[in-house]
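Asks: kindly generate the corresponding structure for this input.
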Amino acid sequence: MESRLEVPQRDAGRTRYLDLLCIGEARTAIEFKYFTRRWTGTVGVPPEEYALKNHAATDLARLHFVRDVARLERFCRGTGQDGLAVMVTNAASLWTPPAPGHEETRDRDFRIHQGRRLSGTLLWAGGTYERNTCVLRGTYDLDWRPYSQLGGPGGEFRYLAVPVTPVPVTAEPVTPAPDRSGQSPVRATPTGQDTPVPPMPQ
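Replies: Model (predicted):
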């Protein structure tokens, strides 16, 4: 198995970079997102101090994660290629479903909370900003998993991993489906990539 970082790819007439490309019997492209809320503490062996910044724009975090999934779908059109979109965060608002009766937001189609199903054409602000429209050919059930539990507010980290496999290019996008809670689908600049990820506690 070989791995390469920041691999250039032509995508929609532009050069974009895959975060990581793993090359073996198949080629697996991996895109990472790391989004943080404020947290300070000491963890690891030997102990190391961390001071994570507060990245407040959760709407953009959602947008750019979904864009990663769409980009990986285009990568997977090649023979023997698949992908994986990964987000690590301590911002609980990203994995927590919205409360019933919550006010609609411009990113409601791009919500990535626990139990959400992503599919079809996703509109930003009800389609009033067409540049941010994303079309997904596959269907993705989102399941957040524990990453690490550190002390203090913001000390819980979870990760979301979305495998992307080839979808026939002739397949028509489907309309967004309700999430598992029965709610309608609710209407992300790489974020925090220069901030160290606290290690798993020993």
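Asks: tell me where the model's unsure across the chain.
Replies: 168-202 (pLDDT under 70).
Asks: how near is the residue nearest the centre of it to Arg111?
Replies: Central residue of the chain (Cα atoms, centre = their mean): Phe65, 3.3 Å from the mean position. According to Cβ to Cβ, to the nearest Å, Phe65 stands 11 Å off from Arg111. In this view, the C-beta of every residue, glycine as well, is placed from N, C-alpha and C.
Asks: next one: Arg145
Replies: Arg145 is 18 Å from Arg111, by Cβ to Cβ.
Asks: so which of those two has more stuff around it?
Replies: Taking neighbours as other Cβ atoms under 10 Å, Arg145 and Arg111 compare with Arg111 leading, 23 against 10.
Asks: what are the boundaries of the strands in the chain?
Replies: Assigned by DSSP state E, the chain shows strands spanning 2-11, 14-23, 27-35, 39-43, 48-52, 81-89, 117-122, 134-141, 144-149, 156-164.
Asks: just the CA atoms of the last one, as CSV, please.
Replies: Going back to what we said before, that points to strand 156-164. The C-alpha coordinates for strand 156-164 follow below in CSV (Å, rounded to 0.1, in the frame of the first residue of the first chain):
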residue,chain,number,x,y,z
GLU,A,156,-16.2,15.1,23.8
PHE,A,157,-15.0,14.3,20.3
ARG,A,158,-16.8,12.3,17.7
TYR,A,159,-16.1,11.4,14.1
LEU,A,160,-18.2,10.8,11.0
ALA,A,161,-16.9,8.5,8.3
VAL,A,162,-18.9,8.3,5.0
PRO,A,163,-17.8,5.6,2.6
VAL,A,164,-18.3,6.5,-1.1
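Asks: what helices or strands is that strand leaning on?
Replies: If you count contacts as 3 or more Cβ pairs under 8 Å, 6 or more residues apart in numbering; DSSP states H and E, strand 156-164 packs onto helix 58-75, strand 81-89, helix 92-95, strand 134-141, strand 144-149.
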